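Novice: A predicted structure for the sequence below; I have some questions about it.
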Amino acid sequence: MKRRGETAGVEEEEPLIGDTAGGDTGGGDTDVTDSEESEFSGLEDSGSDSSEEENDEENLEKKTSRMTEDEYAQDSSDEEDIRNTVGNIPMEWYKDFPHVGYDLDGKKIFKPLQTKDQLEEFLDKMENPDYWRTVHDKKTGQDIKLTDEQVDLVERIQRGQFGDAKYDPYEPYVDFFTHETMIHPVTNRPADKRSFIPSLIEKEKVSKLVHAIKMGWIRPRKPRDDTPAYYDLWAQEDPNAILGRHKMHVPAPKLRLPGHEESYNPPPEYLMTEEEKLAWEQQDPEDRKLGFIPKQHGSLRAVPAYSRFIHERFERCLDLYLCPRQRKMRVNVDPEDLIPKLPRPRDLQPFPTVQSMVYRGHTDLVRCISVAPSGQWMVSGSDDCTLRFWEVSTGRCMKSIGLDGAVKRVTWNPNSTMILVAACVERSVIIVNPGLGDHLLCNSTDQHLASYQPPEEETPQPVTWEAAEGAQYEQGIRLRIQHEKAVKQVTWHARGDYFAVVIPDCGNSQVLIHQLSRRRSQNPFRKNKGQVQRVLFHPVRPFFFVATQRYVRVYNLLKQELTKKLMANCKWVSSMAIHPAGDNLICGSYDSKLAWFDMDLSTKPYKVLRHHKKALRAVAFHRQYPLFASASDDGSVIVCHGMVYNDLLQNPLIVPVKVLRGHEITRDLGVLDVVFHPMQPWVFSAGADATIRLFT
C-alpha cells in the first residue's frame, strides 16, 4: 500500500530540459513529478524509434489517468497512529518525566497508567492466551500484540533465516570480472601523488611512539622463556608427620615480633609527648596503634611487671583456640551489594539547602536560639549579656535586653496563647514578655502573671520567686527565679505552665520543676544518679527524660517510677531531642556521635551516626516534616531525613540529605545551637562567630 504522497504528484516542477527519453512527450509542456521522472528518464537509449515514442505516450496517458483517480482510495491509516518522534535515543532519559516523547504535532505523549501489580501480571500471564505474543513498546509505553506475520518474522530470524520468506539467497552470481582478458583496464585513473611520497601522519605517529619508548612509557615485551619448569610436589609435606596427608591444614597464627617501642630503653623518637599521651588515652582501645605507652628505664632490672600480661596471654589462648582448622572457600560478594539501597536526596525534598539570611548584632558567641510557635519571631542569647529578639522574615532586631550575665539557654513558651520566654542567666531563670506580635495576647499574658495570689501559708522552696519592678519591668522582664548554683538548661512542658531546669553543681537538687501559675518549685528526685546534662518533657505522655553522661532515664511522673533506662553508648551526652510522636529519641555527644533510639524496640541505639568530625553541640527535630539536624564544632550542620512509620514492624528510614556550612570556627567552637522553623522546612543555627544563620 502506497502512501498518499507517492500515488500522484500534486506539486508542480520545472519541465525537464535535455530529456533524452523520447523527446517532447505530449506536447512538451506537461509537468511531471520526481517519481514520474525516475520512471521515464535515464535508462532508455537516446536513439529510440517512433514505436518507442508511442509506448512512452501510452505510459504517460496511464500515469495521468491514475492522477485523476481518488487519491484517498488507497490512503493508509498509519498516519493516524500515535508516533513518537523523539528519534533514536535512550528512553531512560524520560524515566523521571510523565511523558515518553512527542507526536508529529509536537504534543507530549503521556505514559499510560501503570495499575498492574505483580499479582495481576501473574494472573494475566496464566489466563491471557495472547500473553506470549504481547511485547512492551518503550517509545509509547503501551503493550502491543504481535500479528501472525510478525511472529513468523521473529521465528525466522531466531532460526537464522532471512526475514523475507520470498528472498532467495542462492541466486546466480553475476561476476563483475570475466574470464576473458580485456584490452583496457577497469579504471585508467592516474596514481595519486601521495602514493609516491612518505605519509606525514604516519611519520608523526612513529615519532610519538619513539618518544614514548625513550621515556619508558612503552616497554617492549619480554622474550618468552620456553624452558620447562618443574615443581616438587612433596616439598611442603613430610610423609612421616601426623599432618602429612592433611591437605587443608592451617598453621596457628604466629606472634608479631617485638619492635623498638617495646624495648626497656627505646629511642627518644618512640617516646610519646604529653599531647600524644592525652590523645592516646581519649582513643578507643580498638583504635589505638599501640596497646601501651612506651617508657624508658635505666636498666632491665628496673622494669616493673607488665599489667596487661594476663590479659594478652588470655587473648593469645583465644587466638589459638578459635583458629580455623581448615580452609574455607571465600564467597565473592560485591561490596556494593552490602550497602543498603537508600533513596536519592532529591526524592526526599523538601529540606534546607542554601543559606538565605544572616542575623548580625551580637558581639560575642551566640549560645542559644529559639523560635516562637507562630514562626514569626526568634530569640537569641549570647555571651555579650544580651537577649535579642528578631523578626524571622526581615532579619531585623526588634528588641534587645541587657542582662547581668551570659545567657546559657533560652526557650520560647510552646503555648500559643501566651507570649513568654525563659532564659538562664548565671544563677537565675528570668521570664520575659517581649511585647511582640498581638498586643491583646501580650496584655492577657501580663494579666495572667499579675493574677497570682500568694498562699496564706508559705511553704519552704528550694528557690526564690521575685517579681520584676521598675526598669526591668519596662524592659519586659516579669519574673526572676533565683537558684543556689548556676543554671545550665531550661525547658518547657508542652502545655506551657511547667518548666524544668538543670543545675549540674547542686548535689541532689540537680533537677527542679517549676510551675508558673502557682509559682511553686519542687525537686522530683531524692538522689540523682550521675551528673545531669539535659532534661526533656514528653510531648504527649507524662514522661520525663533525664540524660546523664552515659545514660538516658525515662521517668513516669504520674506513677513516680523509673520506666526505662537507655544506654547511649557514648562517653558524654551533650544534647537531646525527642520526636514529635514521642516514640523516638536522638542524643548528641561530645565524641562526635549521634544515637537514634527507637524506644519501642530496644534500650540500645537503633543506629549510631558518625558524620561529624568534632563534638556535637545540639540536635533538633522538626515538628511537621520528617527532618532532624545536628550541629557540631566542625562548623557544619547536617540535616537528615528521619521518617517514622506507623507500622511498628517497619524500621525508621534515616538518610543524610545535606551538609550546611557557613559558620566560622572561633576559639575551637563551631555551631552551638540548631533549631527548626515550626512550620517551614527551614533551620536556624547559632555559631561562635556571633552570627545566626537561616538555611532554607
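Specialist: Ah, there it is.
Novice: all strands in the stretch 101-250 of the chain, in order from the N-terminus.
Specialist: All strands of the stretch 101-250 of the chain, identified by DSSP state E, counting those that start in this stretch, fall at 108-110, 134-137, 142-145.
Novice: likewise the stretch 251-400 of the chain?
Specialist: Per DSSP E, counting those that start in this stretch, the stretch 251-400 of the chain has strands spanning 355-360, 366-371, 377-382, 386-391, 397-402. These are given in chain order.
Novice: Mind checking the ones you listed for the one nearest to residue 566?
Specialist: Nearest of these to residue 566, taken as C-beta to C-beta: strand 366-371 at 24.6 Å. From N, CA and C alone the C-beta is placed, and that goes for glycine too.
Novice: taking the mean pLDDT, what do you get for the closest one?
Specialist: For strand 366-371, mean pLDDT is 93.
Novice: so what does that strand touch, helix or strand wise?
Specialist: Contacts defined by 3 or more C-beta pairs under 8 Å, 6 or more residues apart in numbering; DSSP states H and E place strand 366-371 against strand 377-382, strand 407-412, strand 671-676, strand 683-687, strand 691-695.
Novice: One more pass at 6 Å, please.
Specialist: strand 377-382, strand 407-412, strand 671-676, strand 683-687 (3 or more C-beta pairs under 6 Å, 6 or more residues apart in numbering; DSSP states H and E).
Novice: Which one of the strands of the stretch 251-400 of the chain lies nearest to residue 263?
Specialist: Within the strands of the stretch 251-400 of the chain, the stretch nearest residue 263 is strand 366-371; the backing value is 49.7 Å (C-beta to C-beta).
Novice: pLDDT weak spots in the stretch 101-250 of the chain?
Specialist: 231-250 (pLDDT under 70).
Novice: which of the residues in stretch 382-402 are buried?
Specialist: For stretch 382-402, the buried set under the neighbour-count rule, 16 or more other C-beta atoms under 10 Å, comprises 382-390, 392, 395, 397-399, 401.
Novice: Also stretch 421-433?
Specialist: Residues 421-426, 428-433 are the ones in stretch 421-433 that count as buried (16+ other C-beta under 10 Å).
Novice: Now the terminal residues of that stretch, how far apart.
Specialist: Terminal residues of stretch 421-433 lie 7 Å apart, using C-alpha to C-alpha, to the nearest Å.
Novice: For it, what is the distance to the chain centroid?
Specialist: Here stretch 421-433 is found 40 Å from its chain centre; the criterion is C-alpha atoms, centre = their mean, to the nearest Å.
Novice: next one: stretch 414-431
Specialist: Put simply, stretch 414-431 sits 38 Å off its chain's centre (C-alpha atoms, centre = their mean).
Novice: ok, now which ones touch residue 540?
Specialist: residue 582 (C-beta atoms under 6 Å, 6 or more residues apart in numbering).
Novice: quick one on the thing from earlier: please identify the deepest-packed of the helices and strands packed on strand 366-371.
Specialist: Neighbour counts (mean count of other C-beta atoms under 10 Å) averaged over each of the helices and strands packed on strand 366-371 peak at strand 683-687, with a mean of 27.
Novice: of all the buried residues of stretch 382-402, which comes closest to residue 134?
Specialist: residue 392 (57.8 Å).
Novice: just the helices in the stretch 201-350 of the chain please.
Specialist: Secondary structure of the stretch 201-350 of the chain (DSSP state H, counting those that start in this stretch): helices located at 274-282, 309-321, 335-338.
Novice: looking at these, which is closest to residue 160?
Specialist: Judging these by C-beta to C-beta, what sits closest to residue 160 is helix 335-338, at 37.8 Å.
Novice: Rebuild the strands of the stretch 101-250 of the chain as TSV, extending it with distance to residue 294 and mean neighbour count.
Specialist: TSV is the format used below for the strands of the stretch 101-250 of the chain (distance: least, C-beta to C-beta, whole Å; neighbours: other C-beta atoms under 10 Å):
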stretch	distance to residue 294	mean neighbour count
strand 108-110	73	15
strand 134-137	70	12
strand 142-145	74	13
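Novice: Residue 200 and residue 211, how far apart?
Specialist: 17 Å (C-beta to C-beta, to the nearest Å).
Novice: In the buried residues of stretch 382-402, find the pair that's most separated.
Specialist: The most widely separated members of the buried residues of stretch 382-402, counting by C-beta to C-beta, are 385 and 392 (23.5 Å).
Novice: what number of residues lie near the residue lying closest to residue 516 once chain neighbours are set aside?
Specialist: Distances taken as C-beta to C-beta, 6 or more residues apart in numbering put residue 497 closest to residue 516, at 5.4 Å, once the chain neighbours are dropped. Residue 497 has 15 neighbours, counted by other C-beta atoms under 10 Å.
Novice: next one: residue 455
Specialist: Neighbours of residue 455 using other C-beta under 10 Å come to 9.
Novice: Within the helices and strands, which one has it?
Specialist: Taking DSSP states H and E as the definition, one finds residue 455 inside no helix or strand.
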